[in-house]
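Colleague: Next comes the sequence, and after it the predicted model I'd like to discuss.
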2 protein chains.
Amino acid sequence: MTIQLYGFWRSNAAFRVRVALALKNLAFEEIDIDILSGRQFDADYAEVNPEHVVPTLVHDGRLVFQSLAIVEYLDEIKPEPRLLPAGAAERAYARSLAMILAADAHPLTVPRVRKYLGQALDADKAAIESWCRHWTTEGLSTYERLLTRRPPAPFALGTTPTIADISIAGQVALADVYRMDLTAFPAVAALAKRCFAVPAFADAHPFQQPGYKTSGEAR
Amino acid sequence: MTIQLYGFWRSNAAFRVRVALALKNLAFEEIDIDILSGRQFDADYAEVNPEHVVPTLVHDGRLVFQSLAIVEYLDEIKPEPRLLPAGAAERAYARSLAMILAADAHPLTVPRVRKYLGQALDADKAAIESWCRHWTTEGLSTYERLLTRRPPAPFALGTTPTIADISIAGQVALADVYRMDLTAFPAVAALAKRCFAVPAFADAHPFQQPGYKTSGEAR
């Protein structure tokens, strides 16, 4: 099979798919769509993804949208290693952990939202950065409370990484992008450290992408 | 089995779960958490849901969070009628349609975001309403493009309603709450009309909940 991923170094949603592909040892070609420059709205890409967002997975010509839907799809076409645990209750918990990032934290900090804050509400660069840090902190706080209630063993759902760990590590990758300190979130930090010790996670980190190194944001 | 749903009349995420429960003919008791008054942060409810959001499903004492994770859970514990279609590709498309609302449109208009817009960015009531209408319009536009590309037959994925229809109808329910006109989105409006002709959808609409009628927002 051939797999292409339309992504971008800074996209947290692309990060999630990159980790899933690597955990499943699926080779792929990544095509950069510079969402900071608005390339997601170009006519060519609008044909690929009518929502004008990354990522899009192309699997043998089939287009698949939305990072968590892509991860579930990959888990169905190549079940091992499982990214959704066995059992309805465990799968529900894994999905709910994943959606805390994907539905409640990350959507608030994406480029189109940052842009609109400036245009519609006159937010300046500092106010927009503060906005992004606020919602990233909210996501970290929720994960910290949940990981305290049910401690990772050693990953969120058990012995192997799942869609939940991908998302919690993604929340930390967002915090890295916003240069935030994790001291207040020890359970999250410990889990993320465990994740990023796995090459599939480490290699997918925004700062490890070729685009980052030429972005002007590299330190 | 006994099922309780912590919800609220205005919560779009609670709407999704209400529809799913009704389509599966599962009886449940709904417990109101007034998220406009901040009751989701009360200590009692924080014990139930550490993210301080609705909905929470309680199934025989087990807590399940996040609306789409709850819908998937219900589909696993009571598979008929299926809310996720058969086949990995169709399931992926259904999930991606669901996530357009749940990950890209609705999270931008929830109470905590509206509150923070006022507090951190000095947005007044009109600016906040305009913000909500903007992101609701974005969601409607995305759905319109996708439904034009693959027309409903008669529901989004085929002959019976799925998680995709629940979410597209939910996008329209949001538009109803913001008193928006759907003229520019004929494919979405037609699909929503078809959905709301089904009692499971109609009875779950925010305006049909007891809390709406005493809310002061009723017209």
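Modeller: Everything's here; your move. Just so we're clear, the structure is a prediction, and the values are computed from it rather than from any experiment.
Colleague: pLDDT below threshold where in chain A?
Modeller: A:219 (pLDDT under 70).
Colleague: Which residue ranges of it form helices?
Modeller: Using DSSP state H, the helices found in chain A span residues A:12-23, A:43-48, A:67-77, A:88-99, A:111-121, A:125-149, A:163-177, A:186-196, A:199-202, A:210-213.
Colleague: Which residues belonging to the fourth one are considered buried?
Modeller: Spelled out, it's helix A:88-99. Buried residues in helix A:88-99, counted by 16 or more other Cβ atoms under 10 Å in any protein chain shown: A:Ala88, A:Arg91, A:Ala92, A:Tyr93, A:Ala94, A:Arg95, A:Ser96, A:Leu97, A:Ala98, A:Met99. For glycine as for every other residue, the C-beta is placed from the backbone atoms N, C-alpha and C.
Colleague: same thing with stretch A:173-181?
Modeller: Buried residues in stretch A:173-181 (16+ other Cβ under 10 Å): A:Ala173, A:Leu174, A:Ala175, A:Asp176, A:Val177, A:Met180.
Colleague: For that stretch, output the C-alpha coordinates as PDB.
Modeller: Output in PDB follows, covering the C-alpha atoms of stretch A:173-181 (Å, rounded to 0.1, in the frame of the first residue of the first chain):
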ATOM      1  CA  ALA A 173       4.000  19.000  22.100                       C
ATOM      2  CA  LEU A 174       1.600  22.000  22.100                       C
ATOM      3  CA  ALA A 175       3.100  23.200  25.400                       C
ATOM      4  CA  ASP A 176       6.500  22.800  23.800                       C
ATOM      5  CA  VAL A 177       5.500  25.000  20.900                       C
ATOM      6  CA  TYR A 178       4.300  27.600  23.300                       C
ATOM      7  CA  ARG A 179       7.500  27.300  25.400                       C
ATOM      8  CA  MET A 180       5.500  26.400  28.500                       C
ATOM      9  CA  ASP A 181       6.800  24.900  31.700                       C
END
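Colleague: can you list the domains in chain A?
Modeller: A:3-81+A:207-213, A:88-206 (automatic domain parsing).
Colleague: Can you get me the centre-to-centre distance for the first one and its chain?
Modeller: Distance, stretch centre to chain centre, for domain A:3-81+A:207-213: 10 Å (Cα atoms, centre = their mean, to the nearest Å).
Colleague: residues contacting the closest residue to A:Pro55 other than its chain neighbours?
Modeller: Once flanking residues are discounted, A:Pro55 sits nearest to A:Ala14: 4.4 Å by Cβ to Cβ, 6 or more residues apart in numbering or on different chains. By Cβ atoms under 8 Å, 6 or more residues apart in numbering or on different chains, the contact set of A:Ala14 is A:Leu5, A:Gly7, A:Phe8, A:Glu30, A:Val54, A:Pro55, A:Ser67.
Colleague: ok, back up a step: looking at the domains of chain A, which is closest to B:Pro210?
Modeller: Closest approach to B:Pro210 among these (Cβ to Cβ): domain A:88-206, 26.6 Å.
Colleague: That closest one and chain B, are they touching?
Modeller: Yes. Domain A:88-206 lies within reach of chain B by Cβ under 8 Å from any Cβ of the partner chain, at A:88-89, A:91-93, A:95-96, A:98-100, A:102-104, A:106-108, A:112-113, A:116-117, A:120-121, A:123, A:127, A:130-131, A:134, A:138, A:142, A:145-146, A:149.
Colleague: Of those, select the buried ones using a ChimeraX command.
Modeller: In ChimeraX, a selection of the buried entries from these looks like this (16+ other Cβ under 10 Å):
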select /A:88,91,92,93,95,96,98,99,100,102,103,104,106,107,108,112,113,116,117,121,123,127,131,138,142,145,146
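Colleague: how close does the residue nearest to A:Pro55 sit to A:Thr148?
Modeller: From A:Ala14 across to A:Thr148, the span is 29 Å (Cβ to Cβ, to the nearest Å).
Colleague: For burial, what's the neighbour tally of A:Gly170?
Modeller: For A:Gly170, the neighbour count with other Cβ atoms under 10 Å in any protein chain shown is 29.
Colleague: tell me the contacts of it?
Modeller: Counting by Cβ under 8 Å, 6+ apart, A:Gly170 makes contact with A:Asn12, A:Phe15, A:Arg16, A:Leu101, A:His106.
Colleague: nearest to chain B, of those?
Modeller: In terms of Cβ to the nearest Cβ, no member of those lies closer to chain B than A:His106, at 7.9 Å.
Colleague: Report the contact partners of the closest one.
Modeller: By Cβ under 8 Å, 6+ apart, A:His106 lies in contact with A:Asn12, A:Ala13, A:Gly139, A:Gly170, A:Gln171, A:Leu174, B:Ala103.
Colleague: and with 7 Å instead?
Modeller: Contact analysis of A:His106 by Cβ atoms under 7 Å, 6 or more residues apart in numbering or on different chains lists A:Asn12, A:Leu174.
Colleague: follow-up on the earlier one: columns distance to B:Leu157 on top of the helices of chain A, output as a markdown table?
Modeller: Shown next, in a markdown table, are these (distance: least, Cβ to Cβ, whole Å):
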| stretch | distance to B:Leu157 |
| --- | --- |
| helix A:12-23 | 22 |
| helix A:43-48 | 21 |
| helix A:67-77 | 13 |
| helix A:88-99 | 19 |
| helix A:111-121 | 27 |
| helix A:125-149 | 31 |
| helix A:163-177 | 22 |
| helix A:186-196 | 34 |
| helix A:199-202 | 32 |
| helix A:210-213 | 35 |
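Colleague: Looking at these, which is nearest to B:Ala197?
Modeller: helix A:67-77 (27.4 Å).
Colleague: Can you name the residues in contact with that closest one?
Modeller: Helix A:67-77 has contacts (Cβ under 7 Å, 6+ apart) with A:13, A:16-17, A:20-21, A:24, A:26, A:55, A:57, A:64, A:82-84, A:98, A:102, A:163, A:166, B:88, B:91-92, B:95-96, B:99.
Colleague: go on, stretch A:150-168?
Modeller: Contacts to stretch A:150-168, defined as Cβ under 7 Å, 6+ apart, come from residues A:16, A:19-20, A:23, A:68, A:71, A:81, A:83-85, A:90, A:93-95, A:97-98, A:101-102, A:143, A:188, A:191-192, A:194-195, A:198.
Colleague: 8 Å instead?
Modeller: Among residues not part of stretch A:150-168, those counted as contacts by Cβ under 8 Å, 6+ apart are A:16, A:19-20, A:23, A:68, A:71-72, A:75, A:81-85, A:90, A:93-95, A:97-102, A:143, A:147, A:187-188, A:190-192, A:194-195, A:198, A:200-201.
Colleague: How about stretch A:108-117?
Modeller: Stretch A:108-117 has contacts (Cβ under 8 Å, 6+ apart) with A:35-36, A:53, A:107, A:123, A:127-128, A:131-132, A:135-136, A:174, B:107-108, B:113, B:121, B:131, B:134, B:138.
Colleague: what do you get for stretch A:187-200?
Modeller: Defining contact as Cβ under 8 Å, 6+ apart, one finds that stretch A:187-200 is touched by A:19, A:22-23, A:140, A:143-144, A:147-148, A:151-152, A:154-156, A:161, A:165-166, A:168-169, A:171-172, A:182-183, A:201-202, A:205.
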